[in-house]
Every structure is written in structure tokens, then in C-alpha cells.
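Enquirer: Fold the following, please.
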Amino acid sequence: MDNMRIVKNIFLIKALFVFLVLSGEEYLLAGKEINFYVSNNGNDSLDGLSPTISKTSGPLLSISEALKRAREARAKEQTDKYLKINILLRGGYYNLKEPIIITPEDSGVNSFCPLVIAPYKNEKVILSGGEEIKGLQRVPGKPGYWSTTVKDVKDGQWYFRQLFIDGKRWTRARTPNNGYFRIVGNSPSHTPVKFNFKPGDIKKDWAGRGIEVIAYLAWADFRLFIKDVDEQNNIVTLTGDVREYNRENNAKYHLENSIEFLDAPGEWFLDKNTGILTVIADEKMDLIKSVVIAPRLKRLIEFRGDIMNQRAVSNVLIRGLTFEYADWDMPSDGYADTQAAVEVHGTIFGEATIDSSIEDCTFAHFGNYAIEFARGCKNIRIQGNEIYDIGAGGIRLGEPQPRQDLFSQNFNNQILDNHIHNLGQVFSPAVGIIVFQSGQNLIAHNEIHDLFYTAISVGWNWGYQETPCHDNRIEFNHLYNIGKALLSDMGGIYTLGIQKGTVIRNNLIHDIEAFTYGGWGIYPDEGSSYILIENNIVYNAKSAGFHQHYGRENIIRNNIFAFNKENQLMRTREENHISFVFERNIVYFNSGNLLGSNWANDKFKMDYNIYYDTRIGSDPAKYRFGKDNLEQWRARGHDVHSIIMDPLFVDPEKYNFLLRPDSPALKFGFKQIDINDIGIRPKHKRQ
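Expert: Next comes the predicted model:
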């Protein structure tokens with residue numbers, strides 16, 4: 001028996017040794033591990049090596065000091081190649097006085113020994129860039145009004161543009177309180193901006209007082225100050241220029257930031273000169289018992305790699321923390337967007353950062369984009385986070401301009417299992433997840449909803465030039481409540497430029513509502529080429545489930561486009577090459593047209609599809625393909641083998657698009673699309 005036990009033990013030891021060798025020396029040489037602790041009750045003169053204060057040890061007070069101690073420990077233990085350092089935060093609320101700066105000197109050793117910044121034993125940790133506003137008192141004779149003087153604002157040391165009471169975003173004083181004014185006539189095109197307004201909507205004495213005009217022009221907006229008002233002719237002149245190609249006749253706009261607009265519960269106004277903050281609450285609300293927060297910082301974390309000397313931050317893991325309250329800013333003459341709030345950057349910002357992760361964190365109440373990994377970032381993993389109540393969008397990857405040197409390029413990142421919602425609270429054209437000049441990224445299993453522009457955007461090239469945007473995978477995402485009738489020209493998934501190897505598959509996209517035109521489900525825009533679009537379900541899009549502006553040789557197969565309102569499919573520009581191949585799809589609808597826009601030339605291929613209009617049933621003679629009936633359409637070479645027949649979904653009225661076992665689509669070669677794997681996965685199923 002003893003001999004048998006010895007043999008088994010020797011076998012296990014050998015097996016373990018082989019496993020360690022095959023798994024890499026990181027496992028074989030685990031190295032030393034050091035924990036530094038941080039607490040609101042800590043002291044930066046302590047050693048930071050204990051989670052509680054004792055006579056000989058105790059936690060530090062600040063994360064910056066913990067990072068300093070970690071660098072010192074790394075230098076001291078430099079003979080230990082595999083040193084692992086954890087910075088563990090005790091539970092509590094941390095008011096950040098400045099952003100957390102992570103440099104190449106803070107890098108972990110490798111993916112098995114990263115620098116970890118996380119809560120101690122899963123305690124609740126909140127890192128805030130805000131400051132509590134105290135001293136609000138009722139204004140005598142004005143029910144619901146409260147005010148206080150913010151000294152730093154009065155002294156010219158601070159000015160904030162957002163206010164949160166008990167964790168809820170309050171409205172900066174605006175007019176009208178609900179809905180929007182409308183520009184009279186043509187879209188603004190002068191330099192500087194001028195437009196006509198309805199009598200009484202804008203007053204002459206508002207000029208030069210810091211009042212902002214926020215207008216919505218197709219897919220973009222502007223936020224400019226009033227420079228001059230001609231009340232006789234009802235013309236307002238603003239402080240900046242609008243982008244020439246962002247045009248919207250009779251566009252919507254509203255005004256912000258005047259004490260005259262402060263007239264409804266939930267609004268607030270800050271006088272920059274006197275420092276007086278005034279808010280209007282419901283008369284039953286007692287703000288003395290409330291927590292009032294104004295954001296002070298604009299960034300909370302910076303991964304600050306060294307581009308010039310090509311030294312990257314690497315192997316850093318941020319896990320399980322909550323980040324709250326950060327403000328936004330704009331130039332003195334205002335702001336005019338081109339698309340996607342491109343000039344608005346991340347509150348969590350990384351440059352020259354590789355092999356690092358942000359996992360299971362919460363990001364809320366920001367003014368700009370939440371997370372951005374820009375120039376020189378690679379192998380970044382953003383997984384399992386919640387991002388909500390954000391002034392701009394959720395996550396940015398890459399930069400608008402391509403980089404030639406390898407160190408400065410951005411690629412091979414993963415954005416997985418994030419819940420991103422309630423975006424565009426300040427910059428409405430912002431995107432849920434946007435990828436600029438970056439390739440080989442995986443965007444999967446995210447849930448993105450309730451925003452005013454596109455949910456996922458990939459590419460930043462208009463036309464057919466070669467780009468770094470290739471081999472991106474956008475899959476298993478749930479995207480809905482997009483647009484909300486504020487902007488135009490958007491998509492659930494939007495692409496630009498040549499994107500060889502890019503795949504858009506197994507996404508569930510629905511409820512897209514544009515202001516005028518362009519509420520599309522999947523939208524390959526200018527130059528989008530060589531993209532595979534398969535196994536997606538798109539329904540309830542205003543303009544069409546699928547729209548290609550122009551592009552080359554995209555493949556659209558085995559998708560379901562259902563109940564889209566104005567059109568089911570759209571194609572805009574005629575070109576001399578094949579726009580796309582559209583095959584083995586189901587198009588099921590009860591309103592609008594089957595085909596919209598331009599199908600005049602025949603540089604596209606459509607076949608083996610199933611079409612069914614519930615209004616007219618299975619009679620082929622009643623179907624129209626643009627200007628053609630089915631016979632004429634087939635004579636042009638399209639849908640020769642396609643059928644017009646009810647595909648027999650399980651319950652389409654309740655948006656259950658599983659096919660019944662007797663479905664003709666299954667016999668026709670359509671592959672069932674199972675939505676059970678779409679959206680955020682439970683932790684045990686994540687990669």
C-alpha cells in the first residue's frame with residue numbers, strides 16, 4: 001500500500017512539473033507577493049503593509065502613495081523577477097484631489113504577476129472626482145428654491161457644469177423645459193453661425209452672458225454662446241462655426257445656463273461671478289438631508305505611457321472599483337461636433353498602454369466619454385463593467401488619425417460583457433463603443449441601450465483607402481433604444497471604410513428611432529467594404545433594418561430583418577462594382593416598403609431569401625422590389641431562387657423569431673438564430 005502511494009505521489013509530482021513547464025515559466029516561478037493597503041483612516045507615514053492600524057503597521061491614506069511604495073518595493077526586490085504587487089483599498093468613499101497617474105514604472109511583471117488595484121476582500125470602494133456642496137438653505141418667499149455660495153467658484157478657482165443630488169443628475173437651467181425650439185428655415189451655414197428664430201424664443205439682452213445654444217444638426221450638434229441678437233429680424237449670431245456638412249433644416253435647439261431659465265423642479269443654476277448656486281426642488285423635498293455633489297475633476301485615471309521614448313504601461317489590472325463624478329469642459333468660443341463627439345475624450349484615459357485590464361468596475365455620472373484607450377494601446381481588456389449616466393459615450397478605442405510606427409498603433413483589444421446605458425447626457429452624438437483607427441478587436445456580449453446616437457461604431461475612413469481597421473469582430477451584443485428621435489443618420493452598428501476580415505454576427509438590434517431620416521439597424525456607411533454580416537436579428541428600426549450607403553463586396557447572409565418601419569432594406573449609391581451579396585436572409589414586415597432608396601443599377605446580388613409582408617401574404621404578384629414586380633426583378637437577375645412565404649416564427653408579434661420545426665426557412669437552408677448567448681454572460685461563462 002505504501003509503495004503504491006509513493007508511486008502515485010511521484011506520478012503526480014512529474015505531472016505537475018510537466019504542466020508547469022508546458023504552461024510557461026511564469027507558473028514555475030511564482031515569485032513573491034506584496035500587498036499594500038489603502039484606507040480612508042490610513043496615514044501616508046505608515047508602512048501600508050497591514051489592512052488595519054496597529055502599533056507597528058497600518059494602511060496608507062492615498063493611492064498615489066501606495067503606487068510610490070510599490071515602485072520602491074519593486075526596486076528593492078529587483079532580484080525577484082516575478083514579484084507581484086497588489087494595492088488593496090478598504091471600503092469607503094475616496095475623494096480624489098487629482099487623477100490617479102499610472103506610469104511605466106508602475107507596470108506589473110507579466111499577465112501572471114500584474115499590478116492589481118482592487119478592493120480589499122470585495123469591500124465597496126467608491127473613487128470620486130466630485131466635491132460635496134454644503135450649506136444649501138431655503139430661499140425665503142420662494143417655495144422649492146434653495147441656494148448657497150460656493151466659495152471656490154466665487155474666488156474664480158472652480159466652475160462646474162453638472163450637479164447631482166442623491167445620485168441623480170439634475171438639469172442645468174434650460175429653456176424650454178420640455179422639448180425644443182426650432183430653427184426657422186434653412187440649416188445654419190454662416191461664419192460665424194447665424195440662424196432665424198421664432199419671435200420671443202431668444203432675447204437681445206442674452207448676448208454676451210454665457211448662455212449656450214445647443215442645436216442638433218443631423219448626426220452632430222453644436223454648443224455655442226450667443227454673440228448678438230437682431231430682435232427686429234429674429235436672427236441670432238453665435239460665437240463659432242458650424243461644420244458645413246452637418247445640416248438640418250428646421251433643426252431642434254434649446255438654451256442653457258441663465259438664471260432666467262431656472263423655473264422648474266430639478267433645475268439648477270450656478271452664477272460664475274458670485275458663486276451662488278440656486279436649485280429648485282420639489283416643495284416636499286428637504287435638501288438639508290440630501291447629498292449634493294458637483295464634479296471637480298475631469299479625469300480620474302491616466303495610464304500615462306511614454307510615447308516619445310516608447311515605454312509602455314503594462315500588465316495593470318483595475319478590478320471591482322466604482323468611479324463617480326467627473327466634469328466636462330469646452331473652449332471659450334463653444335464647441336461644434338463633426339461626428340460621434342470625436343473631440344470629447346475619456347475620463348479614464350490610456351496612452352501607450354499594453355496587456356492591461358479594467359474588470360467588474362462601475363463608472364457613473366461623468367461629463368465626457370467614460371473610458372478611452374488611444375495611441376499605442378494594445379491587448380487591453382475591458383470586461384464586466386457597468387457604465388451609465390455619462391455625458392458623452394461609453395468606450396473609445398484608437399485615434400481618428402492612423403499611426404505608422406508599430407509602438408503608436410492601437411489593436412488587438414477586447415470589450416466584453418459590459419452594460420453601457422443612458423449616454424449622451426451632454427454630448428448627444430456620442431457612441432456606446434467607438435473604434436477609430438484600430439483593428440483585430442473583439443467587441444462581444446455587451447448590452448448597450450438608451451443613447452441618442454449609434455450603439456457601436458467601427459472605422460474612421462470615408463472612402464476606399466486602406467486602413468488599420470481590419471479583422472474586427474462585433475458579435476453577440478444586445479443593442480436597443482437607440483436614437484430616441486433626437487438625431488438623424490445613425491445605426492445600431494455603424495461602419496466606415498475598408499474593413500477586410502471584419503465580422504458582424506449574432507447581434508440583437510432593435511428599437512432605433514431617428515429624428516428625420518436614418519434610423520438603421522446595420523449601417524455600412526461610406527466605403528464600408530469586405531465585411532461579413534451574418535446571423536443578426538434587427539427589428540423596429542425607423543428607416544430600415546439594413547442600409548448600405550456605398551461600399552464594396554460586403555456579404556449579408558442568414559439575418560432576420562423584421563418589422564422595420566419605412567423600409568426593410570436600403571441602398572443609396574450606384575457604383576461600378578458589386579455593392580454586396582444578400583443571400584439566405586428573412587425579411588418579415590408589416591409596414592413600409594421592401595426596398596428603399598436607390599436600386600437602379602444591378603451591381604448587387606440577391607438570392608435564396610425569404611420575403612413576407614403580413615399585409616399581403618404569399619401572393620408574389622403583390623410584391624414590389626423598388627419599381628419592379630417580382631417577375632421584372634428576377635429578369636434583372638435578382639432573387640431568382642428566393643421565395644415569398646411565411647417563415648413561421650414562433651411568436652413574431654412578441655419578437656420571438658425562433659423558427660418553428662415546420663418552417664419553410666429551415667428547409668430552405670436558413671440556420672436557426674438562437675439569442676440565448678446574446679448579451680452579458682454570467683461570470684462563470686466568460687472568457
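
Enquirer: residue ranges of the helices in this protein, please?
Expert: 2-23, 25-28, 63-76, 151-154, 630-635, 664-667 (DSSP state H).

Enquirer: Give me the mean pLDDT for the longest one.
Expert: Mean per-residue pLDDT for helix 2-23: 42.

Enquirer: Can you verify my assumption that I235 contacts K194?
Expert: Yes - if you go by C-beta atoms under 8 Å, I235 and K194 touch, sitting 5.7 Å apart. Yep, even glycine has a C-beta here, placed from its N, CA and C like the rest.

Enquirer: Show me the beta-bridge partners of the nearest residue to L666 once chain neighbours are set aside.
Expert: The shortest distance from L666 to any non-neighbouring residue, by C-beta to C-beta, 6 or more residues apart in numbering, is to L659 (5.6 Å). With DSSP bridges as the criterion, L659 is bridged to F649.

Enquirer: ok, how many other residues are close to L659?
Expert: Around L659 there are 19 other residues, counting by other C-beta atoms under 10 Å.

Enquirer: ok, I578 - how many residues close by?
Expert: The criterion is other C-beta under 10 Å. On that basis, I578 has 14 neighbouring residues.

Enquirer: repeat for R615
Expert: 8.

Enquirer: neighbours of the residue nearest to it when sequence neighbours are not counted, just the number please.
Expert: Nearest non-adjacent residue to R615, counting by C-beta to C-beta, 6+ apart: N590, 5.9 Å away. Neighbour count for N590, taken as other C-beta under 10 Å: 15.

Enquirer: Quick check: which ranges of this structure have low pLDDT?
Expert: Counting by pLDDT under 70, the chain shows low-confidence ranges at 1-31, 78-80.

Enquirer: biggest strand in it, by residue count?
Expert: strand 220-230 (DSSP state E).

Enquirer: That strand pairs with which strands, and in what direction?
Expert: Strand pairing (DSSP bridges) places strand 220-230 next to strand 212-217 (antiparallel), strand 235-238 (antiparallel), strand 335-336 (antiparallel).

Enquirer: Which one of those strands lies nearest to G48?
Expert: Evaluated with C-beta to C-beta, these place strand 335-336 nearest to G48, the distance being 42.6 Å.

Enquirer: ok, residues contacting the closest one?
Expert: A220, D221, F222, R223, L224, G240, D241, V242, R243, N246, E343 (C-beta atoms under 8 Å, 6 or more residues apart in numbering).

Enquirer: The same query, at a cut-off of 10 Å, please.
Expert: For strand 335-336, contacts defined as C-beta atoms under 10 Å, 6 or more residues apart in numbering pick out 188, 193, 212, 214-215, 217, 220-224, 238, 240-243, 246, 328-329, 341, 343-344, 427.

Enquirer: what's the answer for stretch 616-636, then?
Expert: 569, 571, 590, 593-602, 606-607, 611-613, 615, 638-646.

Enquirer: Return the set of buried residues in it.
Expert: Going by neighbour count (16 or more other C-beta atoms under 10 Å), the buried part of stretch 616-636 is Y623, F625, G626, D628, L630, W633, R634.

Enquirer: Go through these and name the one nearest D489.
Expert: Among the buried residues of stretch 616-636, and counting by C-beta to C-beta, the member closest to D489 is G626, at 21.9 Å.

Enquirer: and that closest one, backbone torsions?
Expert: Dihedral angles of G626 (phi, psi; degrees, to the nearest 10) stand at phi 70, psi -120.
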